[in-house]
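Undergrad: structure for the following, please:
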Amino acid sequence: MTKIATLTVQKWGNSLAVRIPAALARSAHFHLGTPVELAVQDDAIIVRSIGSQNLTLDERLKLFDPKKHSGEVMASELLGAEKF
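TA: Predicted coordinates:
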């Protein structure tokens, strides 16, 4: 395990918290809403992703970035014998 950051445990309501620096979050592929599991191993707390978040269609569309997901074009008019 590589040491990347030294942080301080802080109070958050009745709990304790540590902020994950953006560079570490990116390296771990964490993003806002990523479900995680916490485990205690010896004297360490392990934070592990447990899969991807189940997003609604509206949430997925808000994440759409044409610059990142370019290449496909959605038809804005009928192309064949479609009936709506």
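
Undergrad: what ranges does the protein have for its strands?
TA: Counting by DSSP state E, the chain has strands at residues 10-12, 15-17, 36-41, 44-49.

Undergrad: reformat the ones you listed as TSV; add mean neighbour count, distance to residue 82 and mean pLDDT.
TA: For the C-beta atoms, the positions are set from N, CA and C on the backbone; glycine is no exception. Shown next, in TSV, are the strands of the chain (neighbours: other C-beta atoms under 10 Å; distance: least, C-beta to C-beta, whole Å; pLDDT from 0 to 100):
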stretch	mean neighbour count	distance to residue 82	mean pLDDT
strand 10-12	9	53	96
strand 15-17	9	52	96
strand 36-41	9	44	95
strand 44-49	11	41	92
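
Undergrad: now the ones you listed in CSV, with distance to residue 56?
TA: Formatted as CSV, the strands of the chain follow (distance: least, C-beta to C-beta, whole Å):
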stretch, distance to residue 56
strand 10-12, 27
strand 15-17, 27
strand 36-41, 20
strand 44-49, 20
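
Undergrad: closest one to residue 29 among these?
TA: strand 44-49 (6.8 Å; C-beta to C-beta).

Undergrad: export only the CA atoms of the closest one, formatted as CSV.
TA: What follows is strand 44-49, C-alpha atoms only, in CSV (Å, rounded to 0.1, in the frame of the first residue of the first chain):
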residue,chain,number,x,y,z
ALA,A,44,-7.1,0.0,9.9
ILE,A,45,-10.4,1.0,8.3
ILE,A,46,-10.8,-0.3,4.7
VAL,A,47,-13.2,1.6,2.3
ARG,A,48,-14.1,-0.5,-0.7
SER,A,49,-16.5,0.2,-3.6
